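A.B. asks: Mind folding the following:
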Amino acid sequence: MRKIYLDHVATTPTRPEVVEAMLPYFREMFGNPQSLHDFGKQAASAVEEARGKVAGLIGAKESEIIFTSSGTEADNFALKGIALGNQRKG
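C.D. replies: Residues are numbered from 1 along each chain as shown. Okay, the predicted model is just below:
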């Protein structure tokens with residue numbers, strides 16, 4: 001029997017070309033981008049480069065691109081943004 005995966009909300013299989021593109025980051029640029037050492041600086045530079053690419057792809061400002069660690073964090077961030085943006089409306 002063929003198995004079909006239907007829980008793509010939780011996690012999704014990664015396409016092979018994405019894995020290939022990410023290998024240098026897993027092997028060489030794995031530092032914490034918040035750290036001040038060279039590994040962290042290299043990771044921070046990679047994050048900023050990615051931010052610029054994403055912004056360019058969707059016509060946004062780099063300052064409008066926010067990376068989160070999970071879907072839950074992203075949902076929370078979006079909901080807080082909506083609430084704060086509508087405070088004057090009551």
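A.B. asks: Look up the closest residue to the residue most central in space within the chain, ignoring the ones flanking it.
C.D. replies: With distances taken as Cα atoms, centre = their mean, Phe67 lies nearest the centre of the chain, 3.9 Å away. In this structure, Phe67 finds its nearest non-sequential neighbour in Val47, 6.8 Å apart by Cβ to Cβ, 6 or more residues apart in numbering. Where you see a C-beta, it was placed from the backbone N, CA and C, and this is true even at glycine.
A.B. asks: just to revisit the earlier point, could you check how far the residue nearest to the centre of the chain is from Gly40?
C.D. replies: 15 Å (Cβ to Cβ, to the nearest Å).
A.B. asks: what do you get for Tyr25?
C.D. replies: Remark: distance between Tyr25 and Gly40 (Cβ to Cβ) = 13 Å.
A.B. asks: how near is Ala43 to Ala50?
C.D. replies: For Ala43 relative to Ala50 (Cβ to Cβ), the value is 11 Å.
A.B. asks: of the two, who's got more company?
C.D. replies: Ala43 (20 against 13; other Cβ atoms under 10 Å).
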